[in-house]
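Participant: here is my input, please return the structure:
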Amino acid sequence: MCIAFPGKIISIDKDNYAVIEVGGVKREASLDLVDEEVEVGDYVVCHVGFAIHKIDEELAKEKLSFLQELIDNEIY
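Facilitator: Here you go, the predicted structure:
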């Protein structure tokens, strides 16, 4: 099963790649598929190394909390 996850943009380089933080883990993701402007501090939904779209902080935190609950309760 594949799950897209929300993460916070920590940095963006000149090649349109971002460092995304999810639960304290940093990953690199391409911003090429995001259809709106993003900047450091924004939240994006990521899947297989690509940021898919921008979401607001409240929704991102809600989704991260839900995913953590699934992990904590081993519901996957």
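Participant: buried sites along the helix or strand bottoming out on mean pLDDT in the chain?
Facilitator: Scoring the helices and strands of the chain by mean pLDDT, DSSP states H and E places helix 57-72 at the bottom, with a mean of 84. Residues of helix 57-72 classed as buried: Ala60, Lys63, Leu64, Leu67 (neighbour count, 16 or more other Cβ atoms under 10 Å). Using the backbone N, CA and C atoms, a C-beta is placed for each residue, glycine as well.
Participant: do I have it right that the first one meets Pro6?
Facilitator: Yes: using Cβ atoms under 8 Å, Ala60 is in contact with Pro6, at 3.9 Å.
Participant: residues shared between the contacts of these two?
Facilitator: With contacts defined as Cβ atoms under 8 Å, 6 or more residues apart in numbering, the residues shared by Ala60 and Pro6 are Tyr43.
Participant: which stretches in the protein count as strands?
Facilitator: 5-12, 17-22, 25-30, 43-47, 50-55 (DSSP state E).
Participant: of all those strands, which one is nearest Asn73?
Facilitator: Minimum separation from Asn73 across the strands of the chain (Cβ to Cβ) falls at strand 5-12, 17.3 Å.
Participant: could you dump that closest one to PDB, C-alpha only?
Facilitator: This file holds the C-alpha atoms of strand 5-12, laid out as PDB (Å, rounded to 0.1, in the frame of the first residue of the first chain):
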ATOM      1  CA  PHE A   5       2.200  12.000   3.500                       C
ATOM      2  CA  PRO A   6       2.300  15.700   4.500                       C
ATOM      3  CA  GLY A   7       5.600  17.400   5.400                       C
ATOM      4  CA  LYS A   8       7.000  20.800   6.100                       C
ATOM      5  CA  ILE A   9       9.400  22.400   3.600                       C
ATOM      6  CA  ILE A  10      12.700  23.000   5.400                       C
ATOM      7  CA  SER A  11      14.700  24.300   2.400                       C
ATOM      8  CA  ILE A  12      14.500  24.600  -1.400                       C
END
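Participant: elements contacting it?
Facilitator: strand 17-22, strand 25-30, strand 43-47, helix 57-72 (3 or more Cβ pairs under 8 Å, 6 or more residues apart in numbering; DSSP states H and E).
Participant: helices or strands up against the second one?
Facilitator: When contacts are defined as 3+ Cβ pairs under 8 Å, 6+ apart, strand 25-30 sits against strand 5-12, strand 17-22, strand 43-47, strand 50-55.
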